[in-house]
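Asker: How does the following fold in three dimensions:
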Amino acid sequence: MPRLAASMRVLVVEDYPLVRTAVSQGLREAGFAVDEAADGREGLWFAQSNRYDVIVLDLMLPRTDGLRILADLREREDAARVLILSAKDTVRDRVEGLRFGADDYLVKPFALEELLARVATLVRRKYNRTSDMIRVSDLEIDTLRKTACRRGESFTFTSREFELLRYLALRAGEVVSRTEIWESLYEFDSESSSNVVDVYIRYLRRKIERPEWPRLIHTRRGHGYLLGETP
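Answerer: Reported below is the predicted structural model:
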């Protein structure tokens, strides 16, 4: 299993059902929230309607081709990292994809493990991280093992608890709204609501905070949450 830097939101745009299902399932098992699109028009709608950390994008799509989606993303200065996944394997094809604004290019057939590793690398790059370890004040988070340690005490988490902690850690020092958290961690058709965020914030506080320790998770009423020490 590749080392993941973040458990964030990914869009998979792929018209071949077996490939789309395999990639999406692999990403979900690796801890990502995943939306799926079966053709270019649907993929373009998803990309314009939501914020994604990474988009896995086929080029030869029905209704709207992958380069059209990529061009739209870059025209809107969308920050999503794009991994092209395509059977078009010539140097010219790869160069064209990169010139249109793709961040990486993987040729079919491919190994799922390599795709997961490339997606993880793109997420780390987006958040300017190079290591599996994230440190926020005296809290050390191991994104590979999905554990954390603070002042000699170790913590384990449920999948959803860790997704939230990791996202706050990647945005450490910033106030992150409930809407941003929900949009980044939950899939498009999820029945979860922003109230779930408040519940899991409470769970995290019970695990990583003690009355005698400085508070790390701060509430900014009307705005959201911030992870880190404050003056």
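Asker: secondary structure element for Asp35?
Answerer: Asp35 belongs to strand 33-37 when assigned by DSSP states H and E.
Asker: As PDB, could you dump the C-alpha coordinates of the following helix or strand past that strand?
Answerer: Proceeding N to C from strand 33-37, the next assigned helix or strand is helix 40-49, under DSSP H and E. This file holds the C-alpha atoms of helix 40-49, laid out as PDB (Å, rounded to 0.1, in the frame of the first residue of the first chain):
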ATOM      1  CA  GLY A  40     -17.000  13.500 -20.200                       C
ATOM      2  CA  ARG A  41     -20.100  15.600 -19.700                       C
ATOM      3  CA  GLU A  42     -20.800  14.100 -16.300                       C
ATOM      4  CA  GLY A  43     -17.200  14.500 -15.400                       C
ATOM      5  CA  LEU A  44     -17.200  18.200 -16.400                       C
ATOM      6  CA  TRP A  45     -20.300  18.800 -14.300                       C
ATOM      7  CA  PHE A  46     -18.700  17.200 -11.300                       C
ATOM      8  CA  ALA A  47     -15.500  19.200 -11.800                       C
ATOM      9  CA  GLN A  48     -17.400  22.400 -12.100                       C
ATOM     10  CA  SER A  49     -19.700  21.700  -9.100                       C
END
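Asker: quick revisit: next, the angle from the strand holding Asp35 to helix 40-49.
Answerer: Angular relation of strand 33-37 and helix 40-49 on a 0 to 180 degree scale: 140 degrees, by axes from the mean of the first three to the mean of the last three CA atoms, to 10 degrees.
Asker: Now do strand 33-37, average pLDDT.
Answerer: Taken as a whole, strand 33-37 has a mean pLDDT of 93.
Asker: for it, packing partners?
Answerer: strand 9-13, helix 17-29, helix 40-49 (3 or more CB pairs under 8 Å, 6 or more residues apart in numbering; DSSP states H and E). C-beta here means a position set from N, CA and C on the backbone, and glycine is covered the same way.
Asker: Domain parsing of this structure, as residue ranges.
Answerer: 9-126, 133-227 (automatic domain parsing).
Asker: could those go into JSON lines alongside mean neighbour count?
Answerer: Output for the domains of the chain, formatted as JSON lines (neighbours: other CB atoms under 10 Å):
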{"stretch": "domain 9-126", "mean neighbour count": "18"}
{"stretch": "domain 133-227", "mean neighbour count": "16"}
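Asker: Which of those has the lowest mean pLDDT?
Answerer: Looking at those, the bottom one is domain 133-227 with a mean of 87.
Asker: so how far does that one reach from one end to the other?
Answerer: One end of domain 133-227 to the other measures 16 Å (CA to CA, to the nearest Å).
Asker: repeat for stretch 140-159
Answerer: Using CA to CA, first and last residues of stretch 140-159 are 17 Å apart.
Asker: Touching, Ala47 and Asp72? I think so.
Answerer: Yes: the pair Ala47 / Asp72 is scored as a contact, 7.0 Å apart, by CB atoms under 8 Å.
Asker: how close does Ser137 get to Arg124?
Answerer: Here the criterion is CB to CB, to the nearest Å. By it, Ser137 lies 21 Å from Arg124.
Asker: cool, and Ser86?
Answerer: For Ser86 relative to Arg124 (CB to CB), the value is 23 Å.
Asker: Likewise for Ser177?
Answerer: For Ser177 relative to Arg124 (CB to CB), the value is 23 Å.
Asker: With distance to Tyr200 added, can I get the helices and strands packed on strand 33-37 in JSON lines?
Answerer: Formatted as JSON lines, those follow (distance: least, CB to CB, whole Å):
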{"stretch": "strand 9-13", "distance to Tyr200": "16"}
{"stretch": "helix 17-29", "distance to Tyr200": "18"}
{"stretch": "helix 40-49", "distance to Tyr200": "25"}
